[in-house]
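Engineer: structure of the sequence below:
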Amino acid sequence: MKFNKILAVGVGVLLCGNAFADPIVGNWKMSEKGEEKAIIAISKSGDSYTGVVKTGLTAKAKKTEGKTALLGLKETSTGVYKGKGVHPGTGLKANVTVTVNGNRITIKSIAGTQTGVKQ
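Structural biologist: Predicted coordinates for the structure are as follows:
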């Protein structure tokens, strides 16, 4: 009987695992000025988050696949992250603010604003 209770709790934790996942982690289809640009994969890297261009959706973005686009993101308040944006083509870095709201993401930098939807 005790084993069945432990097994039930373990299965419940496994099924709820995604509920405890970091909301920023995952694949995001990014758009700028209404044009889909790329899919960015954001993952945890130590105590911060890193975003890499997973798939380019334009000819220009295809050349940046596998390159880092977001670096050192840290959550500063619920759903708000700050760190560095890296231009995948030039390597130039600038401060960014990333806001996650449900399945939507907004990345703001001196270069402009991109929006995305979680895939």
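
Engineer: switch to C-alpha atoms for all contacts and neighbour counts from now on
Structural biologist: Will do.

Engineer: what sits up against stretch 86-98?
Structural biologist: Applying Cα atoms under 8 Å, 6 or more residues apart in numbering, the contact partners of stretch 86-98 are 63-64, 67-71, 80-85, 105-110.

Engineer: now those residues: which count as buried?
Structural biologist: Buried by 16 or more other Cα atoms under 10 Å: 64, 67-71, 80-85, 105-108, out of the contacts of stretch 86-98.

Engineer: for this protein, just list every one of the strands.
Structural biologist: Counting by DSSP state E, the chain has strands at residues 26-32, 35-45, 48-56, 68-77, 80-86, 93-101, 104-109, 112-118.

Engineer: so Y81 sits against E75, correct?
Structural biologist: Yes. If you go by Cα atoms under 8 Å, Y81 and E75 touch, sitting 4.1 Å apart.

Engineer: who's in contact with stretch 26-38?
Structural biologist: Contacts of stretch 26-38 with the rest of the structure, by Cα under 8 Å, 6+ apart, involve 39-43, 53-58, 61, 105, 113-119.

Engineer: what comes up buried for that stretch?
Structural biologist: Those would be 26-31, 36-38, for stretch 26-38 by 16+ other Cα under 10 Å.

Engineer: would you turn those residues into JSON lines with pLDDT and distance to T99?
Structural biologist: Shown next, in JSON lines, are the buried residues of stretch 26-38 (pLDDT from 0 to 100; distance: Cα to Cα, whole Å):
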{"residue": "G26", "pLDDT": "98", "distance to T99": "14"}
{"residue": "N27", "pLDDT": "98", "distance to T99": "15"}
{"residue": "W28", "pLDDT": "98", "distance to T99": "12"}
{"residue": "K29", "pLDDT": "98", "distance to T99": "15"}
{"residue": "M30", "pLDDT": "97", "distance to T99": "13"}
{"residue": "S31", "pLDDT": "95", "distance to T99": "15"}
{"residue": "E36", "pLDDT": "96", "distance to T99": "18"}
{"residue": "K37", "pLDDT": "95", "distance to T99": "18"}
{"residue": "A38", "pLDDT": "97", "distance to T99": "18"}
